[in-house]
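Undergrad: Need a 3D model of the sequence below.
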Amino acid sequence: MAKDLSRVQTVVIAMMENRSFDHILGYLGLPDSGHPLAARIEGIQHAQTYYAHDTYQPWAITSPSLTPDPPHERENIDMQINSILGPMHGFAQSYSNSSPAADAGRVMEYCNNAYLYSTDFLARNFAICDNWFACLPASTLPNRLMAMSGYALVDHTPSGYFQIAQDLFHNNPDDLVYDWLRSRGVSWRVYLGGYSFFFMQMPRLLNLYQGDVQFQNLFRPIDRLIDDFRNDDLPQVVFIEPLYQDDYRRGTAAASDDHPPASLYGGQRHLKIVYDALVAGDAWNNLVAFITYDEHGSFFDHVRPPAIATAPPPQALYSNGFSTLGVRVPAIVVSPFVQPASLCEQLLDHTSILKFLGEKFNGGKYNDLVDNRTVQSASVALDDNLLANGATAPPPSIDD
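TA: All right, here's what the predicted structure looks like:
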């Protein structure tokens, strides 16, 4: 049965980079984590058993950054998922093969709240999703294409992708989520944590951005985010992007996207800004925010991806489709419409957000590619009673 989303007035989408569920949120399943649903969370307590006989076993994180960046293209992920040692046993070997001098065990590390002050706060006060997967067992660009349109014309991320001027959408009227929203009269805006938004290198979107530089109706710096929420100067859908590690405009500025070798601390500062904005004004009372990661970045996860196939779309630059989803990634739903410290165990991937948009703005339909994927809408994380009656408690303070 479809959710009644009539109380939802603002949808916020924030996607980070390259971390797995076990690596970021798995510690909440440990008996001493203090999370009230620790025993149900599919996390480190199960991963420790799963990898008990491996050379490299899950262990507590030793540093907020990791150099070199683990490989996370399609062929690397295939080794990780389908290792000769068994499903999901190939993470350390994959890292060792690409970087022989690196400590292969670093990709088997799991975080804790000492490294994740913002994430830990959000996880304990809102809803975590422990069955949310990347759309494809592939790298950043294919997964972000899926998240923004429901299909991907490439199955690899080219080197220097922030500088590649290539149109990777068919340019049908509804291809990109921005187009889909505009064609239905739904307002949107992107807030930039750095100097670029992810698809700025694509000619059509670069032109859209350049035409908006003076007006800042569609694209604004993240410095305006908190004031815009406080003053209710908001569209219906808000996209918030971090400062990307791979952004060639970054210079010496510290990235905030969590993409190695970026420090986790930059991402925690970014997520605090996001939450401070969400609760700055009256928009909070009618808001749903989705915070997730595009793909796992080759950090370990013990849950085998479901066998959900994705065929190459017409005009794709690859011919071999995918037989499974990608690896599990962290996902948190922040809203007055979720129960505190709750757990969503339904099967989700990034197209679940597109399904949510279709549910909210188009009578339950997004497009055939998205609608036919056998994952749930992200609305399953919302509580029916809270949607029906509204929330009365004020939002918790991240600074307490």
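Undergrad: And the residue lying farthest from the centre of the chain, how far from residue 255?
TA: For the chain, the C-alpha farthest from the mean C-alpha position belongs to residue 53; by Cα atoms, centre = their mean, that distance is 30.9 Å. From residue 53 across to residue 255, the span is 36 Å (Cβ to Cβ, to the nearest Å). Just so you know, the C-beta spots here come from the backbone N, C-alpha and C atoms, and that holds for glycine as well.
Undergrad: And residue 22, how close does it get to residue 299?
TA: Distance from residue 22 to residue 299, by Cβ to Cβ: 7 Å.
Undergrad: out of these two, which sits in the busier spot?
TA: residue 22 (33 against 30; other Cβ atoms under 10 Å).
Undergrad: can you pull the buried residues of the lengthiest helix in the chain?
TA: Ranked by residue count, the top helix of the chain under DSSP state H comes out as helix 264-278. Using 16 or more other Cβ atoms under 10 Å as the burial criterion, the residues of helix 264-278 that qualify are 264-278.
Undergrad: likewise stretch 240-253?
TA: For stretch 240-253, a neighbour-count test (16+ other Cβ under 10 Å) marks 240, 241, 242, 243, 244, 245, 246, 247, 250 as buried.
Undergrad: Output these as TSV; include the columns distance to residue 217 and secondary structure.
TA: Shown next, in TSV, are the buried residues of stretch 240-253 (distance: Cβ to Cβ, whole Å; DSSP: H, G, I helix; E, B strand; the rest coil):
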residue	distance to residue 217	secondary structure
240	16	strand
241	17	strand
242	22	coil
243	22	coil
244	23	coil
245	28	coil
246	27	coil
247	23	coil
250	25	coil
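Undergrad: now the closest residue to residue 391 other than its chain neighbours: how far from residue 396?
TA: In this structure, residue 391 finds its nearest non-sequential neighbour in residue 336, 3.4 Å apart by Cβ to Cβ, 6 or more residues apart in numbering. Using Cβ to Cβ, residue 336 is found at 11 Å from residue 396.
Undergrad: can you check residue 366 too?
TA: For residue 366 relative to residue 396 (Cβ to Cβ), the value is 32 Å.
Undergrad: same question, residue 277
TA: The gap separating residue 277 from residue 396 is 15 Å, by Cβ to Cβ.
Undergrad: Tell me which of residue 366 and residue 396 has more neighbours.
TA: Each of residue 366 and residue 396 has its neighbours counted (other Cβ under 10 Å); residue 366 has more, 24 against 15.
Undergrad: Now do the phi/psi pair for the more buried one.
TA: phi -100, psi -80 (degrees, to the nearest 10).
Undergrad: need the contact list for it.
TA: Residues near residue 366 by Cβ atoms under 8 Å, 6 or more residues apart in numbering: 150, 180, 351, 354, 355, 357, 358.
Undergrad: Just the ones of these in strands?
TA: Applying DSSP state E to the contacts of residue 366, no entry is found in strands.
Undergrad: Between the two ends of stretch 143-156, how far is it?
TA: Distance between the two ends of stretch 143-156: 10 Å, counting by Cα to Cα, to the nearest Å.
Undergrad: can you give me how far that stretch is from the chain middle?
TA: On the basis of Cα atoms, centre = their mean, to the nearest Å, stretch 143-156 is displaced by 13 Å from the centre of the chain it belongs to.
Undergrad: got it, and stretch 126-145?
TA: Put simply, stretch 126-145 sits 6 Å off its chain's centre (Cα atoms, centre = their mean).
Undergrad: before we move on, the earlier item: what's the residue nearest to residue 391 in contact with, if anything?
TA: Contacts of residue 336 by Cβ under 8 Å, 6+ apart are 284, 285, 287, 386, 390, 391, 393, 395.
Undergrad: How much space separates it from residue 278?
TA: The value you get for residue 336 to residue 278, if Cβ to Cβ is used, is 10 Å.
Undergrad: where does the stretch 151-300 of the chain have low pLDDT?
TA: The stretch 151-300 of the chain contains residues with pLDDT under 70 at 161-163, 165.
Undergrad: so where do the helices sit in it?
TA: Using DSSP state H, counting those that start in this stretch, the helices of the stretch 151-300 of the chain run over residues 177-183, 203-210, 225-230, 264-278.
Undergrad: Can I get the ones you listed in JSON lines including distance to residue 310?
TA: Below are those laid out as JSON lines (distance: least, Cβ to Cβ, whole Å):
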{"stretch": "helix 177-183", "distance to residue 310": "18"}
{"stretch": "helix 203-210", "distance to residue 310": "23"}
{"stretch": "helix 225-230", "distance to residue 310": "33"}
{"stretch": "helix 264-278", "distance to residue 310": "28"}
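Undergrad: mind checking which of the ones you listed is nearest residue 96?
TA: For these, the distance to residue 96 is smallest for helix 264-278, at 22.6 Å, taking Cβ to Cβ.
Undergrad: residues making contact with the closest one?
TA: The contact list for helix 264-278 (Cβ under 8 Å, 6+ apart) reads 12, 14, 16, 64-65, 111, 115-119, 121-122, 193, 222, 225-226, 228-229, 240, 242-243, 254-258, 284, 287, 289, 291, 334, 395, 398.
Undergrad: Turn the contacts of residue 366 into TSV, columns for distance to residue 133 and neighbour count.
TA: Compiled in TSV, these are given as follows (distance: Cβ to Cβ, whole Å; neighbours: other Cβ atoms under 10 Å):
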residue	distance to residue 133	neighbour count
150	15	26
180	22	25
351	10	27
354	15	26
355	14	24
357	19	23
358	19	20
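Undergrad: Looking at these, spot the one nearest residue 30.
TA: residue 351 (30.7 Å).
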